[in-house]
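Visitor: pasting a predicted model and its sequence here:
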Amino acid sequence: MSIRVPHSTLPSLPSVCRRWAHLLNSPAFLLLRLRHHLLFHTLFSISISNSALFAATLRLDRDGEPSAWKVSSFVPSKENDGESGNGSAFSLFSHFRLVSIGRKIYIIGRTAMLRCDTWTGTLVPKAGMGFPRKKFAAAAVVGKILVAGGCTRSSVVEEYDPDENVWRVVSDAPRRRYGCIGASVDGVFYVIGGLKIGPSGNDGSMCASRAAGAEAAHVYASSMDLYDVAARVWLRSRAVPGGGCVVAACGANGNVYILSSHAVELSFWKFNASRKSAGFGEWSRIKSPPLPAQVRLDSTVRFSCVGVGDKVVLVQVAGCIDDLLRRSGRTERGLKEGLVLVYDCAGGEWSRGADMPEVIRRAACVCVEC
């Protein structure tokens with residue numbers, strides 16, 4: 001006998017009994033839902049203050065069109081001592097990063113980490129990184145989490161095993177970066193953009209002059225380092241052809257997509273990251289997001305770039321473009337906060353999605369199949 005239940009009831013089913021909880025958490029159930037096309041790409045946007053965690057979700061339908069945002073919440077699990085639900089714990093998560101594995105979201109802070117179950121809405125504290133980091137690169141690769149950068153005194157790369165709840169040092173990065181972005185495609189961990197901090201991981205030398213320092217900053221801001229996770233080796237570093245400063249990046253549809261800021265414009269690039277493809281390593285400049293021309297982004301405006309199936313979703317997570325226009329004496333309006341733009345990787349066109357809810361600000365975003 002089979003039982004059909006609405007998708008909306010899945011989060012509450014594990015509480016029916018232990019057998020149901022075990023079934024719903026099993027890899028076999030996940031595979032079954034995948035085979036029956038019952039997994040949906042859902043964009044999660046999470047914002048953390050000193051005393052609270054806010055979340056909002058945006059689900060793309062079968063045609064890839066976004067619906068409306070839904071504000072949700074996470075609560076501390078009964079399995080822990082409640083430390084994940086008080087203000088002192090949330091204060092550890094400034095400049096946090098998000099990584100998803102399965103239906104779980106990992107919120108990675110400087111010295112602490114929380115795991116969110118997107119079905120049950122529960123928060124569980126997990127082991128923090130061995131090396132405190134801030135504004136670092138993070139991504140999931142083959143069921144594990146890789147982090148790099150954001151550490152002033154070390155260039156170590158760490159890997160987290162969710163099954164063992166353990167962080168391990170696996171390598172040293174060729175460049176010591178701060179403010180970098182992480183992405184993964186085809187078993188490779190990409191550490192993208194950012195600023196130079198301290199001596200580089202392999203050369204051990206400081207910039208000899210201010211000019212050399214400026215050149216190094218330019219190289220870091222527009223380049224990416226590639227780490228083959230299975231082979232434990234670094235591949236040849238790559239640089240965005242148009243230079244500039246990488247402000248957002250993600251992996252999607254076998255490519256790495258990069259949004260780069262220049263003096264008075266933005267450029268959008270695609271890097272072929274399919275290693276078995278003859279075109280691996282090739283760059284293509286593609287259609288830029290529909291933002292006002294001749295606008296230079298400053299540190300007050302931030303974007304998050306997320307791969308959602310065969311789409312790239314660009315979310316304005318901080319700042320106001322209207323304010324930038326106003327300061328430059330221009331009259332265009334209508335791009336305040338929480339702007340959401342969706343790029344169709346196949347069609348090469350942009351569309352506008354529903355703006356992010358006002359309660360979610362200075363957020364981080366991640367895609368979850370759930």
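Guide: That came through, no problem. Quick caveat, the model's predicted, so the values are computed rather than measured.
Visitor: give me the nearest residue to residue 193, chain neighbours excluded.
Guide: residue 246 (3.1 Å; Cβ to Cβ, 6 or more residues apart in numbering). Heads up, the C-betas are built off the backbone N, CA and C, glycines and all.
Visitor: what's the helix or strand for that neighbour?
Guide: Assigned by DSSP states H and E, residue 246 belongs to strand 245-252.
Visitor: quick one, what contacts the residue nearest to residue 193?
Guide: In this structure, residue 246 makes contact with 181, 192, 193, 194, 221, 222, 224, 240, 258, 259, 260, 261, judged by Cβ atoms under 8 Å, 6 or more residues apart in numbering.
Visitor: so the residue nearest to residue 153 when sequence neighbours are not counted: helix, strand or coil?
Guide: For residue 153, ignoring the flanking residues on the chain, the nearest one in space by Cβ to Cβ, 6+ apart is residue 198 at 7.1 Å. Classification of residue 198 using DSSP: H, G, I helix; E, B strand; the rest coil returns coil.
Visitor: pLDDT score for the residue nearest to residue 193?
Guide: Here, the pLDDT recorded for residue 246 equals 95.
Visitor: what's across from it in the sheet?
Guide: Taking DSSP bridges as the rule, residue 246 bridges to residue 260.
Visitor: returning to that earlier point: chain center to the strand holding residue 246, what's the gap?
Guide: Distance, stretch centre to chain centre, for strand 245-252: 9 Å (Cα atoms, centre = their mean, to the nearest Å).
Visitor: what does stretch 165-176 give?
Guide: Distance, centroid of stretch 165-176 to centroid of chain: 18 Å (Cα atoms, centre = their mean).
Visitor: which other residues reach that stretch?
Guide: With contacts defined as Cβ under 8 Å, 6+ apart, stretch 165-176 is touched by 126-130, 146, 148-149, 151, 154-161, 191, 196-202, 220, 223, 225, 227, 229, 232, 234, 237.
Visitor: now do 7 Å
Guide: The set of residues external to stretch 165-176 that reach it, using Cβ atoms under 7 Å, 6 or more residues apart in numbering, is 126-127, 129-130, 148-149, 155-160, 191, 196-202, 220, 225, 227, 232, 234, 237.
Visitor: return the set of buried residues in that stretch.
Guide: Across stretch 165-176, burial judged by 16 or more other Cβ atoms under 10 Å covers 167, 170, 171, 173, 174, 175, 176.
Visitor: state the three-state secondary structure for the third one.
Guide: For residue 171, the reduced secondary structure class is strand; criterion used: three-state DSSP.
Visitor: before we move on, the earlier item: ChimeraX command for the buried members of the contacts of residue 246?
Guide: To isolate the buried subset of those in ChimeraX, counting by 16+ other Cβ under 10 Å, use the following:
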select :181,192,193,194,221,222,224,240,258,259,260,261
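Visitor: looking at the contacts of residue 246, which are in helices?
Guide: Members of the contacts of residue 246 lying in helices (criterion: DSSP state H): residue 221.
Visitor: between which two of the contacts of residue 246 is the distance greatest?
Guide: Spatially, the most separated pair among the contacts of residue 246 is 224 and 261, at 15.5 Å (Cβ to Cβ).
Visitor: quick check: bridge partners of the nearest residue to residue 280 once chain neighbours are set aside?
Guide: Excluding the flanking residues, the one nearest residue 280 by Cβ to Cβ, 6+ apart is residue 272, at 5.6 Å. Residue 272 has the following beta-bridge partners by DSSP bridges: residue 255.
Visitor: okay, now residue 272: neighbour count?
Guide: Neighbours of residue 272 under the rule other Cβ atoms under 10 Å: 17.
Visitor: quick check: pLDDT value at it.
Guide: Per-residue confidence (pLDDT) for residue 272: 98.
Visitor: got the confidence number for residue 199?
Guide: Note for residue 199: predicted pLDDT of 60.
Visitor: apologies, that question was intended for residue 218.
Guide: What the model reports as pLDDT for residue 218 is 68.
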